[in-house]
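*Asks:* Got a sequence here, can you build the structure:
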Amino acid sequence: MASRPLTSAANRYRPNRFVSLPAELSPNTFDTSPEKRRAEAERLAIRSRLKRQYQLQLNNPSPPAVIENPALIRWAYAKSQNVYPTFRPTPRTSFLGAAYALGPLVFWIVVFKAARDRKEKQIQEGKYKQPFSVFL
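*Replies:* Residues are numbered from 1 along each chain as shown. Here you go, the predicted model:
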């Protein structure tokens, strides 16, 4: 039994009465390479199949509790979970990271040190009356 050669989704995709072939895929609209047109037709075929599957789920008389939209799931994953593969450390991001991590710490160290030095200077000049404390 001889197997027939596999055809790509782009070759199997044909316009029908519900979904017409978009003008972007017409060779008369633009002049691009056949590989690029084949890739665009394949992407269109995948989108059409996903859209049809979603429409079938949406218009089902007894629909499931949750209708999953694969494109929305992919987008949510890319937006929230997949952050670091697209992050590139640059001098600017390194500086901002150090500023946000060390900036508040350095700020509070300076504030407390200045307050302690001012208090110490007032004590040495005799202008500061120390309050009574049982714990010190």
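*Asks:* and stretch 81-89, average pLDDT?
*Replies:* Regarding stretch 81-89, the rounded mean pLDDT is 75.
*Asks:* Next, the distance between the ends of it.
*Replies:* Length of stretch 81-89, first residue to last, CA to CA, to the nearest Å: 18 Å.
*Asks:* and if you look at stretch 60-69?
*Replies:* Counting by CA to CA, the terminal residues of stretch 60-69 are separated by 15 Å.
*Asks:* Residues contacting that stretch, please?
*Replies:* With CB atoms under 8 Å, 6 or more residues apart in numbering as the test, stretch 60-69 has contacts from 54, 57-58. Glycine gets a C-beta too; all of them are placed from N, C-alpha and C.
*Asks:* Adding pLDDT and distance to I46 as columns, could you present those residues in TSV?
*Replies:* Below are the contacts of stretch 60-69 laid out as TSV (pLDDT from 0 to 100; distance: CB to CB, whole Å):
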residue	pLDDT	distance to I46
Y54	83	13
Q57	84	17
L58	84	18
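*Asks:* Can you list which of the residues you listed are found in helices?
*Replies:* Residues of these located in helices (DSSP state H): 54, 57-58.
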